[in-house]
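[1] Fold the following and give me the result.
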Amino acid sequence: MVPPGPIVFPMSNLEKIAAAMESAGSRTPGVVIDAFAQACPEVFGLRLRKFSFGAFLALEKLGHPFVAAVAGSKVEATAHDIATALHVLVTPSAVIFQQIEAGTIRDAIMETADRADLSNLAAGTDALLAHIERALEPLMPMRVPEGAAQKKTAASAGG
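    As a prediction, this is how the structure comes out:
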């Protein structure tokens, strides 16, 4: 096993704020927002795209189990499900729908899978699922452990 390269620690949030404010000057606050925007990760050696509504629609069209997770169903992903999600997240949605229409989606998924580096399957799978879950989290039902009460906020009717 090859030891990993040097560990690089990301800038702390306070450093990001200071750097963004300094570079923003009188320009748009987008620079400040960009300082906190999560860059899309590289998974299996492939740079993921932002999980968009188009990606969600593509997964829905493909009958992907991650769509069932949005409805609150517990799902288990197969290796093919992971490869499909990877393909959807590295390919523009319009291309995915063209591949579906042309009947070439299966071959395209396999081409993406052939490009994927599986040197660390578990970490890659975890990163891919985390990327999708972060995007879908606002759509998913709240997760509350059994027997635990939901936290009420001052903004809620429960006070």
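[2] And what about Ser73, helix, strand or coil?
    coil (DSSP: H, G, I helix; E, B strand; the rest coil).
[3] what's the neighbour count on it?
    Applying other Cβ atoms under 10 Å, we find 9 residues neighbouring Ser73. Quick note: C-beta positions are derived from backbone N, CA and C, even for glycine.
[4] same check, this time on His87
    His87, neighbours per other Cβ under 10 Å, totals 25.
[5] That one - nearest residue in space that isn't next to it in sequence?
    Among residues not flanking His87 along the chain, Thr112 sits closest, at 4.0 Å (Cβ to Cβ, 6 or more residues apart in numbering).
[6] Please state the backbone phi and psi of the one you found?
    Dihedral angles of Thr112 (phi, psi; degrees, to the nearest 10) stand at phi -60, psi -40.
[7] Check the gap between it and Thr91 for me.
    7 Å (Cβ to Cβ, to the nearest Å).
[8] Quote the end-to-end distance of stretch 73-84.
    Stretch 73-84 has an end-to-end distance of 19 Å (Cα to Cα, to the nearest Å).
[9] Which residues does it contact?
    59, 62, 64-66, 68-69, 85, 109-110, 112-113, 116, 125, 128-129 (Cβ atoms under 8 Å, 6 or more residues apart in numbering).
[10] again, 10 Å this time
    43-44, 58-59, 62-69, 85, 96, 105-106, 108-110, 112-114, 116, 121, 124-125, 128-129, 132 (Cβ atoms under 10 Å, 6 or more residues apart in numbering).
[11] model confidence over it, on average?
    Taken as a whole, stretch 73-84 carries a mean pLDDT of 86.
[12] Report the buried residues of that stretch.
    Ala77, Asp81, Ile82, Ala83, Thr84 (16 or more other Cβ atoms under 10 Å).
[13] Let's have those in JSON lines, adding distance to Lys50.
    Output for those, formatted as JSON lines (distance: Cβ to Cβ, whole Å):
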{"residue": "Ala77", "distance to Lys50": "20"}
{"residue": "Asp81", "distance to Lys50": "20"}
{"residue": "Ile82", "distance to Lys50": "19"}
{"residue": "Ala83", "distance to Lys50": "20"}
{"residue": "Thr84", "distance to Lys50": "18"}
